[in-house]
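Q: quick check, what structure comes out for this input:
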Amino acid sequence: WLASTSRDGTVRIWNTDGTPRATLTGHISGVNAVAISSDNSWLAGASDDGTVRIWNADGIPHATLTGHTDWVNAVAISSDNSWLASASDDRTVRIWNADGIPHATLTGHTDWVNAVAISSDNSWLASASQDGTVRT
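A: Here you go, the predicted structure:
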């Protein structure tokens, strides 16, 4: 299966044959990014409403991650599925455990953070910002 985001505030899950599997709701504004866990058991969506939402693969809500103060542009899930990172227009990257409990807030960018990626061995992450920098 795969997932797509929409400006209507939903995440849609699709079967590999292109048929719809589920429509995930809860965000109140456009969804900018989605990440799927490596074991395909859950996914996370990043939204203009300032939240990251977690659902299981059947579309059942698991957690709403709050703390960003502006749009959330990107989300990435660690390869061991134990933590995730989110990037925001509030110029921060936030680290959360898989249950949505905040772990850390990373600062240093001077403009919107547009992207975040986690290394395959989960030992570091990189963030890219509108300020023209990549931080690791």
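Q: show me where this structure has helices.
A: Remark: helices of the chain are absent; assignment by DSSP state H.
Q: per-residue pLDDT, the residue of it positioned farthest from its centre?
A: No residue in the chain sits farther from the centre than D17, which is 24.8 Å out by C-alpha atoms, centre = their mean. Per-residue pLDDT puts D17 at 96.
Q: mind listing the strands for this structure?
A: 2-5, 11-14, 20-24, 31-36, 42-47, 52-56, 61-65, 72-77, 83-88, 93-97, 102-106, 113-118, 125-129, 134-135 (DSSP state E).
Q: turn these into a markdown table, columns for mean pLDDT and mean neighbour count.
A: For every residue, glycine as well, the C-beta is placed using N, CA and C. Shown next, in a markdown table, are those (pLDDT from 0 to 100; neighbours: other C-beta atoms under 10 Å):
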| stretch | mean pLDDT | mean neighbour count |
| --- | --- | --- |
| strand 2-5 | 96 | 16 |
| strand 11-14 | 96 | 19 |
| strand 20-24 | 95 | 16 |
| strand 31-36 | 98 | 22 |
| strand 42-47 | 98 | 25 |
| strand 52-56 | 97 | 23 |
| strand 61-65 | 97 | 16 |
| strand 72-77 | 98 | 24 |
| strand 83-88 | 98 | 25 |
| strand 93-97 | 98 | 20 |
| strand 102-106 | 97 | 13 |
| strand 113-118 | 98 | 21 |
| strand 125-129 | 98 | 19 |
| strand 134-135 | 98 | 14 |
